[in-house]
Structure formats: structure tokens, C-alpha cells
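Engineer: no sequence for this one, just the structure:
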DNA sequence: TGTGGTACATACAAACATGTAAGTAATGGC
DNA sequence: GCCATTACTTACATGTTTGTATGTACCACA
């Protein structure tokens, strides 16, 4: 759900694909770090720097980008406190919290699949 | 879930991210056409050419690619009939069918979100 | 005056995903 | 022999996502 060029078939296809509610939903969750962020924020409100510490490999740029699109998509709420040094807190919206039970099922399914896939590779 | 170069941070991050069952699941569904294909095949077994007709904008290449990774991921089963011209049928695996109820919930959620997003844009 | 911390922003580069165009094998029907 | 059909494959081009490196504003504190 980032900005796209309005160009040729690539975007045209995207528009028609996004008409599918399911695809729309999965695209909203599809960023590399979004689900992990969702999971952390499900437990509690967190500051930018706290999130950064949680995912030792994420860069500040990526964290910013993912949080921004999640904010635009109505998944997280961003609160800026006018202090110095700055303090910014992120928390899930109600919308995102509605997802929790669904994602939990999907996670169970994913876990099962992953085990199967690993067995396959092991043999 | 395609082949990747084993390179630098990009892959390293992927490996640690994929450790999350939920991320694993969403990555499996993340291809542009996969959910639409899943939806069609949920109704009935279909031939390659039938699928192509269903999605007027998909190219043969993309359809092939998406079906291949779905097959590798255990979402679809591919049956080749040794005829000329060739006939190939695709159907969902049990694994994929287990997803149906979960995806249906996710689709409902997506529909709701999409309406909200559109209202936002309209104003 | 200089340093430190927070939460970013910007320019650039690499890797990946998707799309375009053209070609292939096999064989039945003309 | 030639063409049509089906389900692909290959080489190439375009677009998007992720990562690297560096810079910025703000002000308290030393």
C-alpha cells in the first residue's frame, strides 16, 4: 500500500486485483516487518526506539516506512509528544485489534505448514 | 517463496523474519494473483487455459509462475494428462482448503477496511 | 562551544516481482 | 507438409521493495 506510479499494466492490474477484498487485506499486511510490528504492538504501546530494539536487524528507514504505511492504512496510531529529545508512541488501532484472532489462526496454519515444509527439505 | 540469492542482509533478514509463523503464511499468499487463483480453484478443479480466461489480464508467464510456487508450497496439486494437445489440471490441496474459513474472515475484514479507506479518499 | 539523544529524511544501490515478446514440443486434422 | 492447439519456456525490460550511508532539528547539559 505504498505510492505507485500510475503506469502501464503493472498498476492497471494492481487496481483490478485490489478489488478483491482478500487481496486488499493481504497487501495491507504484506510488508516485510509489518506482522512482527503488529505482534509487538498487540502487547503494548511502544516508542520508536523500543521497536527498533526489538528487531535488531531492522534499519531506522525500514521501521519508519513500515510504520508510516501502517498509519496510513489505519493499523497503527502515532502520537507525538512535543518534547526534546522527541518522543513518539505507536499503538494499534481498534481495526488492527480486530485482526488479532484471524491472524492467530493464520499463524497456527503457517506453523503447521512450516513444519511440513521443513520435513520435506530434511529428507 | 521464490528462489533467492543468498546474499547479505536482504536474505539474512528474510530468514529471521520467516521464523514467524504468521509472516511465513502471509508470504505464501503474497503473490499478486495467488489469492484470486485460490478463490477460483476453491470452487472447482480447473485447466490452465480456464484459469487464464478467468483473469483476463494475467499473462501466461505469471500464471505459470504463481501456480508453480503454489505447487511447491503445497497449496495446489497439478495433474498432467499425457494427451496432445496437453491437458493440465489444477486443484487445491487439503492444506489450502483448510485456509478457506480463515481467508473468508480476512476477506470480510478487508472489505470493511476498503470501504473506510474509500470514504476517507472521497472526502 | 560542543556533545548527546530521539525520530526521523534523503540520495543512492541492490535485489526482487511483474510484464512483454517471442519461441518450443507434440500431434491430429487439413 | 503445414497449421492449429495447449501449456508452457526463455530473454529482456520495467517497477517496486528493501537496504546502506549520511544528514537534520531540537534543546538540555557539560
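Structural biologist: Thanks, I have the structure now. The structure displayed is predicted, hence computed values, not measured ones. Numbering: from 1, shown residues only, chains lettered A, B, ... in the order given.
Engineer: show me where pLDDT drops low in chain A?
Structural biologist: Where chain A drops to pLDDT under 70, the residues are A:1-7, A:121-123.
Engineer: Where do the helices of it begin and end?
Structural biologist: For chain A, applying DSSP state H gives helices covering A:8-18, A:21-29, A:34-43, A:48-54, A:60-72, A:94-122.
Engineer: So which residues lie in contact with the fourth one, not counting its own?
Structural biologist: By C-beta atoms under 8 Å, 6 or more residues apart in numbering or on different chains, the residues outside helix A:48-54 that reach it are A:36, A:37, A:40, A:41, A:46, A:58, A:60, A:63, A:67, A:88, A:90. In short, each C-beta sits where N, CA and C put it, glycine included.
Engineer: pretty sure the first one is touching residue A:56, no?
Structural biologist: Meaning residue A:36. No: applying C-beta atoms under 8 Å as the test, residue A:36 and residue A:56 come out as separate, 11.7 Å apart.
Engineer: Residue A:23 contacts residue B:37, doesn't it?
Structural biologist: No: using C-beta under 8 Å, residue A:23 makes no contact with residue B:37, being 10.9 Å away.
Engineer: Looking at residue A:36 and residue A:56, which has the bigger crowd around it?
Structural biologist: Between residue A:36 and residue A:56, residue A:36 has the larger neighbour count (other C-beta atoms under 10 Å in any protein chain shown), namely 21 against 7.
Engineer: gap between that one and DNA strand C?
Structural biologist: Distance of residue A:36 to DNA strand C, given as C-beta to the nearest atom of the strand, to the nearest Å: 17 Å.
Engineer: ok, now residue A:119?
Structural biologist: 23 Å.
Engineer: Spell out which parts of chain A neighbour DNA strand C.
Structural biologist: Contact residues, chain A versus DNA strand C (C-beta under 7 Å from any atom of the strand): A:8-10, A:13-14, A:47-49, A:60-61, A:64, A:67-68, A:78, A:80, A:84-88.
Engineer: count of neighbours near the nearest residue to residue A:102 once chain neighbours are set aside?
Structural biologist: Spatial nearest neighbour of residue A:102, chain neighbours left out: residue B:105 (4.8 Å); criterion: C-beta to C-beta, 6 or more residues apart in numbering or on different chains. A count of nearby residues for residue B:105, using other C-beta under 10 Å, gives 18.
Engineer: and what of residue A:110?
Structural biologist: Other residues near residue A:110 number 23, with proximity taken as other C-beta under 10 Å.
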